[in-house]
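Trainee: output the structure for:
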Amino acid sequence: MIEQDLQKRLVDQEILQGSDLLDEIHEVKQNNEQLIIELNTKYHSKKEVTKYLSEITGKPVDPSVDVSLPFYSDFGKHITFGKNIFINLNVTFVDLGGIMIEDNVLIGPGARLVTVNHLVSPKKRRGLRVAPICVKKNAWIGANATILSGVTIGENAIVAADATVTRDVPANVIVAGSPAKQIRKIIEE
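Mentor: Numbers count the residues shown, from 1 in each chain. Got it, this is the predicted structure:
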């Protein structure tokens, strides 16, 4: 599939303004924007939402995945969903670098998962660098949290509301703040 090949070619690359890669990206983004507009502009049954998500991602989405609308993604094809996931309303996936959501994950309203970053150099700043995000099993991302490129959220971890996560989060911990810092370990009761 062209989109999966594109994802492999993006790893560790500077994607500069005017490059052929950027043209390919924009073509896929335009197709995804049409689907996102259709998804978010009228009521859909859960079954219809699942169908749209499968079309957006280019992969079958398990019917146990529950996404409240509106939901936003800029690219779509680099999202992978596990099973029994709940995503609340107004969540945004900037997924060019790849977003993997494993089983039993909860994502609060207004959360943002952003796999794209601009280059630091002022001369190249319109260029991009991407890195994947992985949210492991049973993790919970709170309302309005931001997860930045290259981050893995560990199994059973909790990201507090409004946190900005710039580094990997270990399994079984709670992080909060901006930048997010570990505030405690999760002890099974």
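
Trainee: which strands and helices lie in contact with the top helix by length along the chain?
Mentor: Using DSSP state H to assign secondary structure, the helix with the most residues in the chain is helix 20-40. Applying 3 or more CB pairs under 8 Å, 6 or more residues apart in numbering; DSSP states H and E, we find helix 20-40 packed against helix 2-10, helix 46-57, strand 71-73. For every residue, glycine as well, the C-beta is placed using N, CA and C.

Trainee: comparing these, which comes out most buried?
Mentor: strand 71-73 (a mean of 20; mean count of other CB atoms under 10 Å).

Trainee: following it, which helix or strand shows up next?
Mentor: strand 79-81 (DSSP states H and E).

Trainee: contacts for the helix or strand following that following strand?
Mentor: Where DSSP H and E defines the elements, the next helix or strand beyond strand 79-81 is strand 86-87. Defining contact as CB atoms under 8 Å, 6 or more residues apart in numbering, one finds that strand 86-87 is touched by 65, 66, 67, 68, 71, 101, 105, 106, 107.

Trainee: then stretch 140-153?
Mentor: By CB under 8 Å, 6+ apart, stretch 140-153 touches 88, 97, 105-117, 129-136, 139, 157-169.

Trainee: kindly recompute the last result at 7 Å.
Mentor: 97, 106-117, 130-131, 133-136, 139, 158-169 (CB atoms under 7 Å, 6 or more residues apart in numbering).

Trainee: just the buried members of those?
Mentor: 97, 106-108, 110-117, 130-131, 133-136, 139, 158-160, 162-165, 169 (16 or more other CB atoms under 10 Å).

Trainee: helices and strands of the protein: which one has the lowest mean pLDDT?
Mentor: Ranked by mean pLDDT, DSSP states H and E, the helix or strand of the chain with the weakest confidence is helix 2-10, at a mean of 71.

Trainee: and residue 97, that's in a helix?
Mentor: No - Residue 97 sits outside any helix when classified using DSSP: H, G, I helix; E, B strand; the rest coil, being coil.

Trainee: buried stuff in the longest helix of the chain?
Mentor: Applying 16+ other CB under 10 Å to helix 20-40 flags 21, 24, 25, 28, 29, 32, 35, 36, 39 as buried.

Trainee: for the second one, give me its contacts.
Mentor: Applying CB under 7 Å, 6+ apart to residue 24 gives the contacts residue 6.

Trainee: per-residue confidence at it?
Mentor: pLDDT for residue 24: 84.
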